[in-house]
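Asks: Provided below are the primary sequence and the corresponding predicted coordinates.
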Amino acid sequence: MRTETIYLAGGCFWGTQHYLDLLYGVQQTEVGYANGNTANPSYEDVKHRGTGHAETVKVVFDADAITLTDLLEQFFHAINPVSVNQQGEDKGVQYRTGVYYEDPSQEPVIRAALAKLQESYTEPLAVECLPLQAFYRAEEYHQDYLVKNPTGYCHLSPALFAAAQKWRREGK
């Protein structure tokens, strides 16, 4: 198994993590705060104190089972890529969309996936493609939130989760 790591910001990280966990080839996820302007922010800091962080999911995946291109394509199903600082009813800088990388060799793959996605839209994409500046793990109660709270709030459609589960069962 050849693992890679990518950081995906897709609005509220509860649903984004749950969705990504269902994808074939995803080995591990963790929610946190990325690319802001303070160290070790709390949820309250991010939500109310303008730290500039994005709610982000750290994704460790088996690159032999799912390519970065395929992972991004699936991620794009879970976001509105032209919405600025908003996904669903969640509004604010912390709900922006982005793909953050530590490995510079991933940048051309990300940019190519975004260029392909742009072909489906007349509006410009609002998805950031940036190096990861910093990632701070969110509080424990945020980790696997929808597993712990199956009826908890989520901006994503249950149909999206069902599609991811089907995709995983089929080994794709």
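Replies: Cool, the structure landed.
Asks: what about residue 75, neighbour count?
Replies: 24 (other CB atoms under 10 Å). Any C-beta I mention is one placed from the backbone N, CA and C, and that applies to glycine too.
Asks: do the same with residue 77
Replies: Neighbours of residue 77 using other CB under 10 Å come to 13.
Asks: Please list all residues in contact with the closest residue to it other than its chain neighbours.
Replies: Using CB to CB, 6 or more residues apart in numbering and skipping residues adjacent in sequence, the residue nearest residue 77 is residue 160, 6.4 Å away. The neighbours of residue 160, taking CB atoms under 8 Å, 6 or more residues apart in numbering as the test, are 19, 77, 78.
Asks: Buried residues, whichever strand or helix holds residue 160. List them.
Replies: Here residue 160 sits within helix 158-169, counting by DSSP states H and E. Buried residues in helix 158-169, counted by 16 or more other CB atoms under 10 Å: 160, 161, 164, 167, 168.
Asks: what's the answer for stretch 140-160, then?
Replies: By neighbour count on 16+ other CB under 10 Å, the buried set for stretch 140-160 is 142, 143, 144, 145, 146, 154, 155, 156, 160.
Asks: do stretch 50-57 as well
Replies: Under the neighbour-count criterion of 16+ other CB under 10 Å, stretch 50-57 has 51, 52, 53, 54, 55, 56, 57 buried.
Asks: Show the pLDDT at the spatially closest residue to residue 42 that is not a sequence neighbour.
Replies: In space, and not counting its chain neighbours, residue 42 is closest to residue 139: 7.0 Å by CB to CB, 6+ apart. Looking at residue 139, its pLDDT is 98.
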